[in-house]
Each structure stands twice: as structure tokens, then as C-alpha cells.
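Novice: Predicted model and sequence follow; I will ask about them next.
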Amino acid sequence: MLGVRLDEQLEIRLAKLAEKKQRSKSYIAKEALKRYIREEEIKESENQETLARWELYQETGEVISNEDMMEWLDSWGSDQEKPCPVK
């Protein structure tokens, strides 16, 4: 169980939204928390992936050239779309 103190303005906004949606304030707050937590988990996962890629680059120095990447991106949507370049 979690209790959350809201400032007056947020409480009013929550109550109005709950009334419009014909849902309880608890339901609206729970859904908002679920969305927020899901978004933050995705951001954290992306950050960890970026750090892992950076560490791999620092260890190996391997990269995909800008030219190869642009050639691949330019092929998107064409009849002759190229595969993603690899190192």
C-alpha cells in the first residue's frame, strides 16, 4: 500500500480527470504510475545499452562508418533496401 500526498492543484486536476473518465482517482493515479515506471524502465534499459556499446567501442575501437550507415539509411523504402551494416 502506498500513500501519496498531492498538492491542492494536482488533487483538483486528478479529481476532475477521474470524474470525466468516470474512474476513481486511485485508478487514474495507478495508471499514471504504471506508464511512468514503464517509460523510466525503458529509458534505463536504453542507457545501459548505450553504456555497454560505449564500453565495447572503447575496448575494440570498431565502428560502422558514416558512409556505410548513410548508404543503408538512404536505401530504406526503396525496392533495393540494403541490410544493416555490421562491423
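Specialist: On my side now, so go ahead.

Novice: what's the burial count for the closest residue to K87 other than its chain neighbours?
Specialist: Distance criterion Cβ to Cβ, 6 or more residues apart in numbering; nearest residue to K87, sequence neighbours excluded, is E62 at 4.4 Å. Heads up, the C-betas are built off the backbone N, CA and C, glycines and all. With neighbours defined by other Cβ atoms under 10 Å, the count for E62 comes to 9.

Novice: So what does E62 look like in phi/psi?
Specialist: According to degrees, to the nearest 10, the main-chain angles of E62 amount to phi -80, psi 130.

Novice: Likewise for P83?
Specialist: For P83, the backbone dihedrals are phi -70, psi 160 (criterion: degrees, to the nearest 10).

Novice: Which pLDDT does the model give the nearest residue to it once chain neighbours are set aside?
Specialist: For P83, ignoring the flanking residues on the chain, the nearest one in space by Cβ to Cβ, 6+ apart is W72 at 7.6 Å. Reading off the confidence values, W72 has pLDDT 96.

Novice: and if you look at E62?
Specialist: As summarised for this prediction, E62 has a pLDDT of 89.

Novice: Next: L2.
Specialist: Confidence at L2, expressed as pLDDT, is 89.

Novice: can you check G77 too?
Specialist: G77 is given a pLDDT of 94.

Novice: Pull the number of nearby residues for it.
Specialist: By other Cβ under 10 Å, the burial measure for G77, its neighbour count, is 7.

Novice: Can you give me the separation between it and E71?
Specialist: Distance, G77 to E71, by Cβ to Cβ, to the nearest Å: 14 Å.
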